[in-house]
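>>> Sequence plus predicted model, see below.
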Amino acid sequence: MENNNSQRECITGKNIVLVGNPNVGKSVFFNYLTGRYVDVANFPGTTTNVICGRCGDDAITDTPGIYGISSFNEEEKITRDIVLHGDILVNIVDAVHLERDLFLTQQLIDTGLPVVVVLNMMDEAQRQGIKIDLKVLRELLGVPVLSTVAVDGRGMDKLKETICQAKVGRVLPLVAEKLTELPAHIRRSEKLLILEGDQLVAARNGLPPGAYREQIYGARRRWINDVVAMAVKESSRQETWTAVLGRWMIQPITGIPLLALTLWGLYQLVGVFVAQTVVGFTEEILMGEYFEPTARAIVGQLFAPDSTISQILVGHFGVITMTVTYLLGLLFPLVLGFNLVLAVLEDTGYLPRIATLLDRLLMSFGLNGQAVIPLVLGFGCVTMALMSTRLLGTDRERRIATIILALTVPCSAQLAIIATMLAGLGPEFALVYVLIIISVFVMGGTLLNRLIPGQSSSLWIDLPPLRLPRLANVLKKSWNKSFEFIREAAPLFALGALCLGLLEVSGSLEKIENTLVPLTVHWLGLPKEAASGFIMGVIRREFGTAGLFSFPMSDVQKLVALTTITLFVPCIASAMVIYKERGWQEGTAIWLGVIGIAFVIGGLINQLLGFFSSNLSATSPIIMLAGVILLTMVGVLGITVRSER
Amino acid sequence: MTLDKCKRGQRLQITSIPDEVVRAQAIRFGIAEGSVVTCEEVVPAGPVVLSMFKQQIAIGRQLAKSITVLPVN
């Protein structure tokens, strides 16, 4: 503290890295140091992007939440490389979970790089009766320790000053001893990881990976347990209501009703309030009555109303009218509503508990409970969900989740349109539609689990404490995500509308519709205009779904159309992600496979309904169809279970 | 006995974790061979939730079957 004034200069031009376990509040520190807002989530795996910023002349890097730099997953590998290139490591630690968090702290100290420890969430620790002796902790670790409550800014004013005092801490004696076995020219921090058996770092230095991981981890664990025993005093804790609620969430008897209640609430908020009330106002009134007529009037003053350019700009697929109405009138409220719900789910710590509850169920699809995250995200935006499949343990699980997502999960925008259409068809059609999608999901998952070779990984998930989310955080996060989504989707939408507009004015759209008659009219039993719906569906799913209903159809045709478009290809953005994540070969196979399955199933439903109504007119064809679907599902599951034995 | 057989509220000492990677991951959470944990919850046919210190970990049933434990009083 005495050389306070000169300290600002001591870290000039340094590379400062923020490291910590998931949910310790790293992003708040990043935001404080750089002034930039970052997404904050309460679930491991949700922050895979690395974010950099500046604080004066120093570079600040925020890293994904990890439990160690041990290359066990993608986040750890990324963080490891950032840490190895850092000048100062700022380790943020959850004061309530010192036993867990200090393991990483000691690993960082063992790298031999200058470290600062920030004990965050001191308020929560105090509430739980945990007393931490900072002086003892400083002495035992040998590095500066700062205590903070980041969310309300307590202790933050000393952050920069403490970072300046970063120093090399007390390295484990075992590590210090083993380090001498390695050649002197290797960087000190890399030596540690070689000793711990990190294959990549060892290969980089032309050495075989060391065999001391277990020995070092064991010694580190014992040392940290000792540190905690010496520095922490704790009065006994009573079971809180959150602990009881947390237990209810994972037991099927209470957990399934709680999940159902949550989903119902989610549906009421997104499916009813946002999709009907809010979108009704933004799309029909704001866009339909104000924006579109104004846009047409302005364009009408520049170009003749029947001219080609006017058609392209404000016509049926108008680049201006369609893009703006769909993006701002329809999609933005929906995506915002969904992101709001998702942000609440993430910040409360409920998602990992849903993963625990549904682990058994998802195991029959070759997945584990963690796959709940991409599947839930998928109902918001399939593209986002496809990216999050990275958090799954094995390549096999990522493959299964990708295919299921591409095939059966409709995104929020599409879901809203589907819900509106089904409401007009009556309950028996809605039930059959749901039955078809669920049976494709169940049969698809079971078959994929059977056909794709290999074994999936078991669940191993940290259940963070349940917390009440902070409103400002939830609002900021969902707003940022939705804004980003719209910004990315806008050019694609405009491009899609332009392509369709060009096809229409040049007469090509009609030619394509005529070429596809055998598929759309003969096999699917739909009007030939349906072809343009499918073409639009490639650009954006909800585009296609909405497009399918721009011409009159019978109830049966609507059911077939809805089924086909739900199962049909994911939009361009998700197709891109599939290619990026799975490679072009597998990506093409998934893409073509999904289109094929959608048309086969849609066509089969049409043919079956036609067969029932002409041959068995006594019974309702819809009920007959439901029976056939159930029988098929039982048959497929029966064969799969038997062949597994 | 193996971890999947434990009951809620039982205190358990971990005697062996056969998988090397799981062993290394577990030790970072404070679950090492020899450490004592509490069984917080057993989801029927599903994961087992363990707690040590102030944190909880859900462990899939298959993995729990491979971890051996000793009940302690």
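Ah, there it is.
>>> what secondary structure does the residue nearest to residue A:188 when sequence neighbours are not counted sit in?
Closest residue in space to residue A:188, ignoring its immediate chain neighbours: residue A:112 at 4.2 Å, by Cβ to Cβ, 6 or more residues apart in numbering or on different chains. C-beta here means a position set from N, CA and C on the backbone, and glycine is covered the same way. Of the three states, residue A:112 takes coil under DSSP: H, G, I helix; E, B strand; the rest coil.
>>> count of residues packed around residue A:112?
Residue A:112 has 18 neighbours, counted by other Cβ atoms under 10 Å in any protein chain shown.
>>> ok, now residue A:287?
Applying other Cβ under 10 Å, I find that residue A:287 has 22 neighbouring residues.
>>> Need phi/psi at it.
Main-chain dihedrals, residue A:287, degrees, to the nearest 10: phi -90, psi -50.
>>> Likewise for residue A:55?
phi -130, psi 100.
>>> got the contact list for it?
Residue A:55 is in contact with A:16, A:33, A:34, A:160, counting by Cβ atoms under 8 Å, 6 or more residues apart in numbering or on different chains.
>>> Spatially nearest residue to the residue in the stretch 151-300 of chain A that chain B sits nearest to, not counting backbone neighbours?
When scored by Cβ to the nearest Cβ, the stretch 151-300 of chain A has residue A:217 as its residue closest to chain B, at 4.8 Å. Closest residue in space to residue A:217, ignoring its immediate chain neighbours: residue B:27 at 4.8 Å, by Cβ to Cβ, 6+ apart.
>>> shouldn't that neighbour be in contact with residue A:219?
No: using Cβ atoms under 8 Å, residue B:27 makes no contact with residue A:219, being 10.5 Å away.
>>> higher neighbour count, those two?
residue B:27 (21 against 16).
>>> elements contacting the particular helix or strand that has the more buried one in it?
Assigned by DSSP states H and E, residue B:27 belongs to helix B:20-28. Packing partners of helix B:20-28 (3 or more Cβ pairs under 8 Å, 6 or more residues apart in numbering or on different chains; DSSP states H and E): helix A:98-110, helix A:213-231.
>>> Assign a three-state SS to residue A:618, would you?
Applying three-state DSSP: residue A:618 is coil.
>>> got a pLDDT number for it?
For residue A:618, the pLDDT comes out at 71.
>>> Same question for residue A:453.
85.
>>> do the same with the one 5 residues further on
Predicted confidence (pLDDT) at residue A:458: the value is 85.
>>> didn't it look like it was pressed against residue B:62?
Yes: taking Cβ under 8 Å as the definition, residue A:458 is a contact partner of residue B:62 at 4.6 Å.
>>> So for those two, which sits in the more crowded spot?
residue A:458 (21 against 17).
>>> separation between the more buried one and residue A:392?
Using Cβ to Cβ, to the nearest Å, residue A:458 is found at 12 Å from residue A:392.
>>> anything in contact with each of those two?
Counting by Cβ under 8 Å, 6+ apart, the contacts common to residue A:458 and residue A:392 are residue A:368.
>>> Low-confidence regions, the chain specifically.
I went with chain A, as the question did not name one. For chain A, the stretches with pLDDT under 70 are A:1-12, A:36-49, A:235-239, A:540, A:542-543, A:549, A:569, A:644-645.
>>> looking at chain B here, not the other one
Within chain B, no range satisfies pLDDT under 70.
>>> what about 90?
Scanning chain B for pLDDT under 90 picks out the ranges B:8-9, B:16-36, B:40-41, B:44-46, B:51-56, B:62-63, B:66, B:72-73.
>>> tilt between the helix holding residue B:27 and helix A:98-110?
Relative orientation of helix B:20-28 versus helix A:98-110 (axes from the mean of the first three to the mean of the last three Cα atoms, to 10 degrees): 110 degrees.
>>> Follow the chain on from helix B:20-28 and name the next helix or strand.
Sequence-wise, the next helix or strand downstream of helix B:20-28 (DSSP H and E) is strand B:36-42.
>>> For that next one, which strands pair with it and how are they oriented?
Note on strand B:36-42: by DSSP bridges, its sheet partners are strand B:11-16 (antiparallel), strand B:48-52 (antiparallel).
>>> could I get those strands as JSON lines with mean neighbour count?
Converted to JSON lines, the strands paired with strand B:36-42 look like this (neighbours: other Cβ atoms under 10 Å in any protein chain shown):
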{"stretch": "strand B:11-16", "mean neighbour count": "16"}
{"stretch": "strand B:48-52", "mean neighbour count": "22"}
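>>> For residue A:212, give its distance to residue A:76.
Separation of residue A:212 from residue A:76 (Cβ to Cβ): 18 Å.
>>> what ranges do the helices span in the stretch 201-350 of chain A?
Here the stretch 201-350 of chain A has its helices, by DSSP state H, counting those that start in this stretch, at A:213-231, A:241-250, A:252-266, A:279, A:292-302, A:308-314, A:321-324, A:332-348.
>>> would TSV of these with distance to residue B:72 be doable?
Output for the helices of the stretch 201-350 of chain A, formatted as TSV (distance: least, Cβ to Cβ, whole Å):
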stretch	distance to residue B:72
helix A:213-231	17
helix A:241-250	22
helix A:252-266	28
helix A:279	58
helix A:292-302	72
helix A:308-314	76
helix A:321-324	66
helix A:332-348	34
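>>> quick one, which of these is nearest to residue A:64?
Distance to residue A:64, taken as Cβ to Cβ, is lowest for helix A:332-348 among these, at 14.7 Å.
>>> before we move on, the earlier item: of the strands paired with strand B:36-42, which is nearest residue A:342?
That would be strand B:48-52 among these, by Cβ to Cβ, at 24.0 Å.
>>> Could you tell me the angle between the helix or strand just after the closest one and strand B:36-42?
Sequence-wise, the next helix or strand downstream of strand B:48-52 (DSSP H and E) is strand B:55-59. Here the directions of strand B:55-59 and strand B:36-42 differ by 60 degrees (the same axes, to 10 degrees).
>>> Just give the strands next to strand B:55-59 in its sheet, each with its orientation.
Using DSSP bridges, strand B:55-59 pairs in its sheet with strand A:460-463 (antiparallel), strand B:48-52 (antiparallel).
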